[in-house]
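Participant: kindly return the folded structure for what I paste below:
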Amino acid sequence: MKRSRLFHILTYVAFAAFIGWSFVTGREQGVAVWRNFTTFAVTMLKLLPPAFVLIGLFEVWVSRETVERNFGHASGPLKYFWAVLLAATTVGGTFVAFPVAHALHGKGAKFSAVLAYVSCASLVMVPMTIIEASILGPKFSIVRLLVSVPLVILSSSLLGRYLDRRGYLLPAGKEGAS
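Facilitator: Numbers count the residues shown, from 1 in each chain. Here you go, the predicted model:
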């Protein structure tokens, strides 16, 4: 058995033992950890299947030419607008953003556009921004967006250019390994 697999199994066993011990001894911290864990797990089970269905539909319905035209090498600076707009409508944060980014890159999107999308997926989600504005005020939300989005675009552009110059390729997944 590989060392990393053994480590994962021991981690799961230790977690289960801690939770069991907490319930038997009445330790409120362990019970709270279990409640938080189950709440998070149920949320993920509700969110991820529909998200992956939508990502599958994206893979099938959106043509490579469309992605290349809007996110690819010939798209110009408008690719950042589309990346921010797509990120704003992505529900599920980075849990969904990374598979979408992988699909975008597989269909010919530039690294810089993919990096901008992934970064903005955590920054500009519409529901999060609305809640933030209602709690901290619209002025705060506007300033945060006006500062963070240009910095994300700048850093994505620089990092994308660097990766393109180096000829960087994403590592092949298990389906590419033989």
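Participant: so how far does stretch 86-94 reach from one end to the other?
Facilitator: Length of stretch 86-94, first residue to last, C-alpha to C-alpha, to the nearest Å: 13 Å.
Participant: tell me which residues of that stretch come out buried.
Facilitator: Burial within stretch 86-94, assessed by neighbour count using 16 or more other C-beta atoms under 10 Å, is assigned to 86-88, 90, 92. C-betas here are computed from N, CA, C, even on glycine.
Participant: can you tell me which of those residues are in helices?
Facilitator: Among these, the members falling in helices (DSSP state H) are 86-88.
Participant: in a markdown table, list those along with distance to residue 52 and pLDDT.
Facilitator: Below are these laid out as a markdown table (distance: C-beta to C-beta, whole Å; pLDDT from 0 to 100):
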| residue | distance to residue 52 | pLDDT |
| --- | --- | --- |
| 86 | 17 | 92 |
| 87 | 18 | 92 |
| 88 | 20 | 91 |
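Participant: can you lay out the residues you listed as CSV showing distance to residue 126?
Facilitator: Output for those, formatted as CSV (distance: C-beta to C-beta, whole Å):
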residue, distance to residue 126
86, 12
87, 10
88, 5
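Participant: now do the stretch of helix or strand residue 103 belongs to: which elements does it pack against?
Facilitator: Secondary structure assigned from DSSP states H and E places residue 103 in helix 94-106. Judged by 3 or more C-beta pairs under 8 Å, 6 or more residues apart in numbering; DSSP states H and E, helix 94-106 is in contact with helix 28-61, helix 111-121.
Participant: looking at the buried residues of stretch 86-94, which is nearest residue 156?
Facilitator: Using C-beta to C-beta, residue 87 comes nearest to residue 156 of the buried residues of stretch 86-94, at 11.2 Å.
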